[in-house]
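Enquirer: turn this into a structure:
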Amino acid sequence: MATTRTAHTEWEGDLLKGAGLVTFDSSGIGAYPVSWPARAEVANGKTSPEELIAGAHSSCFSMALSHGLAGAGTPPVKLTTTADVTFQPGEGITGIHLTVVGEVPGLDQAGFAAAEEDAKKNCPVSQALTGTTITLSAKLA
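Expert: Below is the predicted model:
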């Protein structure tokens with residue numbers, strides 16, 4: 001069954017001095033301020049498209065890795081995934097780096113490396129972002 005999730009942004013003003021509010025409609029988890037300075041300079045309590053992508057990517061990758069590990073008979077106890085999305089004004093998103101630390105009993109580093117590469121390749125968010133260089137570093141806890 002297909003699902004559709006919805007968010008919307010209300011923006012006021014021009015790019016440099018304006019600001020917006022991103023609202024997560026499907027979940028109802030809240031509304032968060034966004035602005036150009038928060039995107040290109042310092043967050044100052046506001047979010048950015050890149051931070052939203054980082055959240056989506058880190059959670060999707062964790063789900064894909066968890067699923068792959070369980071399917072191979074080595075379900076994880078814990079996975080901690082960080083996604084660093086780099087934005088360069090004038091160029092756009094220049095790369096995403098995923099870092100994962102996994103607690104997976106009965107699995108060696110080589111097996112974990114194979115599982116993480118498969119998750120990176122098959123995670124739906126990774127697939128949606130194929131125009132961006134995605135790198136990965138991972139280790140077992």
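
Enquirer: what about stretch 78-88, average pLDDT?
Expert: For stretch 78-88, the mean pLDDT works out to 98.

Enquirer: now swap in stretch 58-65 and tell me
Expert: The model assigns stretch 58-65 a mean pLDDT of 98.

Enquirer: in it, which residues are buried?
Expert: Within stretch 58-65, the residues scored as buried using 16 or more other Cβ atoms under 10 Å are Ser58, Cys60, Phe61, Ser62, Met63, Ala64, Leu65. (C-beta placed from N, C-alpha, C; glycine too.)

Enquirer: nearest the middle, which residue of the chain would you pick?
Expert: His57 (2.2 Å; Cα atoms, centre = their mean).

Enquirer: other SSEs contacting the helix or strand hosting Val125?
Expert: Taking DSSP states H and E as the criterion, Val125 maps to helix 124-128. Counting contacts by 3 or more Cβ pairs under 8 Å, 6 or more residues apart in numbering; DSSP states H and E, helix 124-128 packs against helix 49-71.

Enquirer: what's the angle between the helix or strand just after the helix it packs on and helix 49-71?
Expert: Tracing the chain C-terminally past helix 49-71 and defining elements by DSSP H and E, one meets strand 78-88 next. Orientation check (axes from the mean of the first three to the mean of the last three Cα atoms, to 10 degrees): strand 78-88 against helix 49-71 gives 150 degrees.
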